[in-house]
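Peer 1: from the sequence below, what's the structure:
(one chain, ligands or ions: 1)
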Amino acid sequence: MRTTRTSIAHYRRIAFALAAFLAGLTLGHAQTVSQTARQPVSSGKRYKSLAIRNALVIDGNGTPAAGPKDILIEGNLIRAIVPLDPVALSSGEQKRPEAEAEIDAAGKYVLPGLINAHVHVQDERGGVPQPLDYELKLWLSCGITSVRDVGSDLKKTLQLREKSNSGEVAAPRVFVYGRFDSPAAPVNASEARRRVRELKQSGVDGIKIFAIDRDILAAMSGEAHELGLRIAHHAAVAESNAWDDIRFGITSIEHWYGVPDAAIERGVQDFPASYNYNNETDRFRYAGRLFREADPERLAKVLEGMVRAGVAWVPTLDIYEASRDLVRAQNQPWFRDYLHPTLEEYFRPNPQHHGSYFIGWTSTDETFWKENYRLWMAALLDFGRRGGLIGVGDDAGFIYQMYGFGMLREMELQQEAGFHPIRVIQHATGNNARILGEEERLGRIRPGFLADLIVVDGNPLADLKVLYPTGVEMVRDGKVVRTGGVQWTIKDGIPYHAPTMLSEVGKMVAQARASHQPAR
Ligand SMILES: [Zn+2]
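Peer 2: Residues are numbered from 1 along each chain as shown. Next comes the predicted model:
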């Protein structure tokens, strides 16, 4: 590459202009933004217009960060994105958008709001009531602006969806996938079709299926396609597997069951004779020995088939982590101030609770699970490289995963699987919007899209941990400081101050602990 004297001078001039401009930004931008009566932004209030100034933007489509930009929100929509060109601004050629209120995002990163593609709306654990607000506020404090509920109390969750849409309650958008097998699993094709029609009538956005027989899957998916309902499949150990999801055009495979199963040479895992699926310790122990039985060549064919059929994968790597490292899972630092006693109790090993199977969990179990993760992550990376659609969801509220925090951990685990952080962010935003069928209005920072975005204190491309609302520790001027976290979670044009949300969670937990009678 040749560099001439003139081009060096040219770049120097640009660099100088940019430095002067950035200095202006950090010292305040009275010169560049005309002064109108701007209010300090208050949490939970929608403004006629809201500007996010000086943002470094990471969009949800897998492109690198770019900025500084001004983002103008009007009502609940993104109206304009203005790249700030120092030369055009100083010559007066460029005008910055005016707004009623503004957030200065200088030195911060702005991303589309995170979408959690696998949640359960929960207002109780193990039959003990738990305030719904606890989950909602944790989601907002972690930057989550949309959730896909894949099975909860249908009536309550539909109500929550409406209250969230109207802005009556501080919550992410809720997309409701009703359970196909609740109150009872349909046992023949006509019952299956009827159940799908019932769910459609109730107003769901999609359907969640669990272990299911092939003929029932054929019937229900046919009806669902006709009615325009998406299907999320938690396959479990069952007659149907990923080949059936490919054949019947299922929207997404949840977790990972059904994928390695479809690649086992003998068609069935080598279970010991004593295996009982309904014994959760058996179930989770031998699940950790599943991927090793998948034939690599067959597995590649399964993954390719999923890509071609447009079957997405929401792996929820986070929710099995206790299986590979129980002590880590049981000692997450945010438990100290933010783990609700109801959830804490629910996480304790107890055969009565789903996912609380850690009685007699051995180093051998963890070793098998570590291998299982390696193979699982490699398969996920392969799927992504082939062009497969990967989403991010946490399935929190089970197995030592707290709402919201699980989502962020999932993003770290997808990085561990080999994805660039830019891709991980795409999985959590643009890809999840596609899984929901909302890619024309969610998951991107684009004019005309819904105003769902987050302002992050720190660069998540350098460290995804800066997304944690509890922040990260850093050395600045020789001192250790705590920094990071999502500052603002803007959903539907309404800014929520994320640290305030977290401190409200802290108060809720302290209060519940003070009045909590531990079970004996
Ligand atoms: Zn789930």
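Peer 1: show me the shaky parts of the stretch 51-200 of the chain.
Peer 2: Regions of the stretch 51-200 of the chain meeting the criterion pLDDT under 70 are absent.
Peer 1: could you pull out the strands in it for me?
Peer 2: In the stretch 51-200 of the chain, the strands defined using DSSP state E, counting those that start in this stretch lie at 66-74, 77-83, 101-104, 109-112, 114-119, 124-125, 128-129, 144-149, 173-179.
Peer 1: find the residue at the geometric middle of the chain.
Peer 2: residue 116 (3.0 Å; CA atoms, centre = their mean).
Peer 1: for it, which residues make a bridge with it?
Peer 2: Beta-bridge pairing for residue 116 (DSSP bridges): residue 147.
Peer 1: among the strands of the stretch 51-200 of the chain, which comes closest to residue 469?
Peer 2: strand 144-149 (10.7 Å; CB to CB). (Each C-beta comes from the backbone N, C-alpha and C, glycine too.)
Peer 1: the strands in the stretch 201-350 of the chain, which residues?
Peer 2: 206-209, 230-233, 252-254, 312-314.
Peer 1: remind me which residues of the chain are low pLDDT?
Peer 2: For the chain (pLDDT under 70), the answer is 1-39, 354-356, 517-520.
Peer 1: again, 80 this time
Peer 2: 1-40, 236, 350-357, 516-520 (pLDDT under 80).
Peer 1: re the thing from before, export the strands of the stretch 201-350 of the chain as JSON lines, with columns for mean neighbour count and distance to residue 455.
Peer 2: Written out in JSON lines, the entries for the strands of the stretch 201-350 of the chain read as follows (neighbours: other CB atoms under 10 Å; distance: least, CB to CB, whole Å):
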{"stretch": "strand 206-209", "mean neighbour count": "27", "distance to residue 455": "30"}
{"stretch": "strand 230-233", "mean neighbour count": "26", "distance to residue 455": "30"}
{"stretch": "strand 252-254", "mean neighbour count": "27", "distance to residue 455": "29"}
{"stretch": "strand 312-314", "mean neighbour count": "27", "distance to residue 455": "26"}
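Peer 1: same list (these) but as JSON lines, adding distance to residue 328.
Peer 2: Converted to JSON lines, the strands of the stretch 201-350 of the chain look like this (distance: least, CB to CB, whole Å):
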{"stretch": "strand 206-209", "distance to residue 328": "29"}
{"stretch": "strand 230-233", "distance to residue 328": "28"}
{"stretch": "strand 252-254", "distance to residue 328": "23"}
{"stretch": "strand 312-314", "distance to residue 328": "23"}
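Peer 1: quick check: the spatially closest residue to residue 61 that is not a sequence neighbour vs residue 436, distance?
Peer 2: Spatial nearest neighbour of residue 61, chain neighbours left out: residue 430 (5.0 Å); criterion: CB to CB, 6 or more residues apart in numbering. Distance of residue 430 to residue 436, given as CB to CB, to the nearest Å: 11 Å.
Peer 1: do the same with residue 168
Peer 2: Residue 168 is 22 Å from residue 436, by CB to CB.
Peer 1: looking at those two, which one has more neighbours?
Peer 2: residue 436 (23 against 10; other CB atoms under 10 Å).
Peer 1: from what I can see the more buried one touches residue 115, true?
Peer 2: Yes. With contacts counted by CB atoms under 8 Å, residue 436 reaches residue 115, the gap being 7.1 Å.
Peer 1: who touches both of those two?
Peer 2: Listed as contacting both residue 436 and residue 115 by CB atoms under 8 Å, 6 or more residues apart in numbering are 146, 148, 442.
Peer 1: what's near enough to touch the second one?
Peer 2: Think residue 148. Contacts of residue 148 by CB under 8 Å, 6+ apart are 115-119, 175, 177, 205-206, 232, 393, 432, 435-436.
Peer 1: only the buried subset of the residues you listed, as a PyMOL command please.
Peer 2: In PyMOL, this line selects whichever of the contacts of residue 148 come out buried by 16 or more other CB atoms under 10 Å:
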select buried, resi 115+116+117+118+119+175+177+205+206+232+393+432+435+436
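Peer 1: circling back: which one of the strands of the stretch 51-200 of the chain is the most hemmed in?
Peer 2: Stretch with highest mean neighbour count among the strands of the stretch 51-200 of the chain: strand 114-119 (a mean of 31; mean count of other CB atoms under 10 Å).
Peer 1: that one vs strand 173-179, what angle?
Peer 2: For strand 114-119 against strand 173-179, the angle by axes from the mean of the first three to the mean of the last three CA atoms, to 10 degrees is 20 degrees.
Peer 1: now strand 114-119: how far from the chain's centre is it?
Peer 2: Here strand 114-119 is found 4 Å from its chain centre; the criterion is CA atoms, centre = their mean, to the nearest Å.
Peer 1: cool, stretch 407-421 as well?
Peer 2: 11 Å.
Peer 1: all numbers from here: first residue = 21
Peer 2: Got it, first residue is 21 now, which makes that one stretch 427-441.
Peer 1: and that stretch, what's buried?
Peer 2: For stretch 427-441, by 16+ other CB under 10 Å, it's 427, 428, 429, 430, 431, 432, 433, 434, 437, 439, 441.
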